[in-house]
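>>> Sharing a model prediction with you, sequence too.
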Amino acid sequence: MRIRLYDAITARLAHVRTVEGVPVFLDPKQADKTAQMPPQAIKAFDLWNENVVQLTKQRPFEMPAVFIEFLPIVWSYAGRKAKHADVTVRLHIVTATLATPNSPYKEQALYRLALIRAVDQALTNFSGAVDDRGLGFGTFVPQESDTDHNHEQVCEDIEVWRVSCFDLSAVGRNLVTTPLDVTLDDGEIFTALFSEEYV
């Protein structure tokens, strides 16, 4: 499930583009396929590994960058080998600038807040239907925003999202999953909705 979420999030955030110096989310459903796309605003994606703390010890990465952290997942079974969990995802949005808002470089200083706004637009109402492996997720719901107010050149702002995930991979192929037992051999379940001639 984490691979599915990681791939979905990074693919979605790849549509955050820099338009006239401002990061904006360009919805792929509404984008003109023939037009040339503006450059990606987010230059690097990875799993979170205390990347900001270990800047001098790790391989350098381009900024802005988004690092994805999965908090511990508690699964519950939904019956028929299907499982469900509410997954909390922390997005570490890392940017770098020496500019300050009370200088002539105000736009550069506040770029990180515009980037957070674009990430928020990208994930609002974002969900993933069950794929061929039986993995799917509901709509992302924002939980928390933590703005970095103690930084030097590198800023790490954190956006927390929660999403309901479904893992039907153990259910099997060509099966319809329902929370109730359903039989179609006698038509009784349809009697209340349809007249006898349609049953």
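That came through, no problem.

>>> Just to be sure, residue 118 is in a helix?
Yes. The assignment for residue 118 is a helix, going by DSSP: H, G, I helix; E, B strand; the rest coil.

>>> Might one say that it is in contact with residue 25?
Yes. Here residue 118 reaches residue 25: they are 4.9 Å apart, a contact under Cβ atoms under 8 Å. Every C-beta, even on glycine, is put in place using the N, C-alpha and C of the backbone.

>>> Comparing the two, which residue is more hemmed in?
In this view residue 118 and residue 25 are compared by other Cβ atoms under 10 Å, and residue 118 has more residues nearby, 23 against 19.

>>> Next up, the contacts around that one.
Residues near residue 118 by Cβ atoms under 8 Å, 6 or more residues apart in numbering: 16, 23, 24, 25, 41.

>>> again, 10 Å this time
The contact partners of residue 118, by Cβ atoms under 10 Å, 6 or more residues apart in numbering, come to 13, 15-19, 22-26, 41-42.

>>> quick one: it and residue 137, what's the gap?
In this structure, residue 118 and residue 137 are 21 Å apart, going by Cβ to Cβ, to the nearest Å.

>>> Skipping adjacent residues, who's closest to residue 146 in space?
Counting by Cβ to Cβ, 6 or more residues apart in numbering, residue 146 lies nearest to residue 158, which is 4.1 Å off, once chain neighbours are set aside.

>>> Can you tell me the number of residues neighbouring that neighbour?
Neighbour tally, residue 158, other Cβ under 10 Å: 18.

>>> Could you pull up the residues touching it?
48, 67, 69, 90-94, 116, 144-148.
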